[in-house]
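Chemist: how does the following fold in three dimensions:
(2 chains)
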Amino acid sequence: MKRRLEELEELKKLGINPYPYEYPVNAYSDEILRNFRDEDPPMNVSIAGRIMSIRRMGKATFSHIQDSRGKIQIYFKKDVLGEKYDILKLLDIGDIIGVKGEVFRTRTGEVTVKVDDYQILAKSIRPLPVVKEKIDEHGNRIVYDPFTDKEMRYRQRYVDLIVNPEVKQVFIKRAKIISTIREILDSHGYIEVETPILQPVYGGATARPFVTHHNALDMDLYLRIADELYLKRLIVGGFDGVYEIGKDFRNEGMDRMHNPEFTMLELYVAYKDYNWMMEFTENLIYNVCLRVNGTSKIKFGDNEIDLTPPWKRVPMFELLKQYTGENLEGKSEDELRAIARRLNVDVSSKIGVGKIIDEIFSELVQPNLIQPTFVIDYPIEMSPLAKRHRSKPHLVERFEVIISGMEVCNAFSELNDPIDQRYRFEEQARLRAQGDEEAMTIDEDFIRALEYGMPPTAGLGIGIDRLVMILTNQKTIRDVILFPHMRPEK
RNA sequence: GCACCACUAGCUCAACUGGUAGAGCAACGGACUCUUAAUCCGUGGGUUCCGGGUUCGAGUCCCGGGUGGUGCACCA
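Modeler: Next comes the predicted model:
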């Protein structure tokens, strides 16, 4: 770095501003490579990018520069550039330059820009990890000494993005996934809304919140753990379909599937139930995958996953029976604890019936569900916002979508009976008193809204990060979040 | 929060049972006007994550701490 600061000073002494204001770009690496024809008249281009390699050979120098679209070789010649050629020695890998020149094909066949003139656009004073690569005879990219240090890749994502082009592709695809979801939802006439992230009462999920403080009001506020209760208020307010794509925050552990802040899509549609929502969900995800990947059969880890609808719909208790050999339906808390012991599943003494079942399910059933599966009809105790099942009163009309063992969606026929809702909240309060810190707190204003009357409604939540993981074949959530949460350095 | 593993030059990695810390790339100097992991000659580069301890001697062994990874716990 010291050496580069000296170069910076030398440039300034020569009257060259190493940080100029703009540069007229009229072409990109990928277009130039794609459009070049040997028989066409020579084409002049003006491109800008970062120097990724330099091969100096006395009075001629080859270099590759990388722009937003890819890389292209450039060729400097002493007899073309004269004195300006000598300034090249002050350039380094990592510097950003603009070059103008004619496109030609080298003797070895690579389409290259022969530089008539160049300009330094930003001097890099911190050395970039140098990744060397070669394209083999099959067109495969072989990388030597790849930049792999996970900690540095996540902390200095900018470096990761410069040096590892496949990382950039994941995030471009992520953007496309989200914009495609928007297009589809908008085309159905659903209204995108924004609801509070700072909430006086948090709800809509069972999780521990982040707490912050509002100074002027001298009160604690919570970062939302879900959008649910506000979006349902909007259904009460007369919207037929609303959705929100935004960050939720949960004060829980971090691992391959969890980041403390994550992106969630929630959608609520009036006059529909969870059966309708299942069909909607499988079509949504199928179409997003088609548009983004061009196919509905994708690889995830060692598995091939087929997202073509219809997806299997299986009641939760049926899956439990299938994978554990035990019938858990209608069992008391004591009986469930005994079964858990028999199945070698550890359950905390603080949790109730719903969570014991959930525990057994996530340990013994969920990892086996690789192809997209609607798990339907959950016990009422673990779903305080869902409507009671129309024919089985101890269950609710709820589904989750499991893909590759990962929970990607959660949805219900929404509970719109204000009396039942109050009763369910009170049950949660009882669990909380028992020591379940994640049980929900009662939201009086939400109940008041239901008291005015909410139409029958279907609601859906999709974990966007996890969906992106599946559609881009990434095994950890950190690889689909640009700046995953990290402990502070030092 | 717990367990296991990792941390050595800018990057990727070596260093046997404890015995002078090394290579490739990058950097620096030189040669070279079609190279492409350019090549050839030469040079410099280290708080071995941090702090203690054991030892004549610690990158290596022990204790404590940090960060990361993986798993568990926790997690609509």
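Chemist: show me what from the stretch 101-250 of chain A comes close to RNA strand B.
Modeler: Contacts of the stretch 101-250 of chain A with RNA strand B, taken as CB under 7 Å from any atom of the strand, map to A:104, A:106-110, A:112, A:127, A:129-135, A:144-152, A:154, A:205-207, A:226, A:250. In this view, the C-beta of every residue, glycine as well, is placed from N, C-alpha and C.
Chemist: give me the buried entries from those.
Modeler: Among these, those scoring as buried are A:112, A:129, A:131, A:147, A:154, A:205-207, A:226, A:250 (criterion: 16 or more other CB atoms under 10 Å).
Chemist: sec struct for the residue lying closest to A:Gly463 once chain neighbours are set aside, please.
Modeler: Spatial nearest neighbour of A:Gly463, excluding adjacent residues (CB to CB, 6 or more residues apart in numbering): A:Val408 at 5.7 Å. Classification of A:Val408 by DSSP: H, G, I helix; E, B strand; the rest coil places it in strand.
Chemist: A:Val408 and A:Ser383: what is the separation?
Modeler: 17 Å (CB to CB, to the nearest Å).
Chemist: returning to what we had before: out of the buried ones among the residues of the stretch 101-250 of chain A next to RNA strand B, list just those in helices.
Modeler: Within those, residues falling in helices by DSSP state H are A:Tyr154.
Chemist: and the buried ones among the residues of the stretch 101-250 of chain A next to RNA strand B, which is closest to A:Leu364?
Modeler: A:Thr206 (20.8 Å; CB to CB).
Chemist: is the closest one in contact with A:Met440, as I believe?
Modeler: Yes: using CB atoms under 8 Å, A:Thr206 is in contact with A:Met440, at 6.1 Å.
Chemist: output the set of residues of the stretch 351-490 of chain A in proximity to RNA strand B.
Modeler: Contact residues (CB under 7 Å from any atom of the strand) of the stretch 351-490 of chain A with RNA strand B: A:351, A:355, A:358-359, A:362-363, A:400, A:407-410, A:438, A:461-463, A:475-476, A:478, A:484, A:486-490.
Chemist: quick one: buried ones out of these?
Modeler: In these, burial by neighbour count holds for A:351, A:355, A:358-359, A:363, A:400, A:407-410, A:438, A:461-463, A:478, A:484, counting by 16+ other CB under 10 Å.
Chemist: how about the closest residue in space to A:Asn303 that isn't next to it in sequence, phi and psi?
Modeler: Nearest non-adjacent residue to A:Asn303, counting by CB to CB, 6+ apart: A:Ile370, 5.2 Å away. Note on A:Ile370: backbone dihedrals following degrees, to the nearest 10 are phi -90, psi -50.
Chemist: now do the contacts for A:Ile370.
Modeler: A:Ile370 makes contact with A:303, A:305, A:403-405 under the criterion CB atoms under 8 Å, 6 or more residues apart in numbering.
Chemist: wait, A:Asn283 sits on A:Thr308?
Modeler: No: judged on CB under 8 Å, A:Asn283 makes no contact with A:Thr308 at a distance of 10.4 Å.
Chemist: which residues touch the residue nearest to A:Gly463?
Modeler: With CB under 8 Å, 6+ apart, A:Val408 has these contacts: A:285, A:401-402, A:462-463, A:466-467, A:470.
Chemist: what would those look like in CSV with pLDDT and secondary structure?
Modeler: Shown next, in CSV, are the contacts of A:Val408 (pLDDT from 0 to 100; DSSP: H, G, I helix; E, B strand; the rest coil):
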residue, pLDDT, secondary structure
A:Ile285, 97, helix
A:Val401, 96, strand
A:Ile402, 95, strand
A:Ile462, 96, strand
A:Gly463, 95, strand
A:Arg466, 95, helix
A:Leu467, 96, helix
A:Ile470, 95, helix
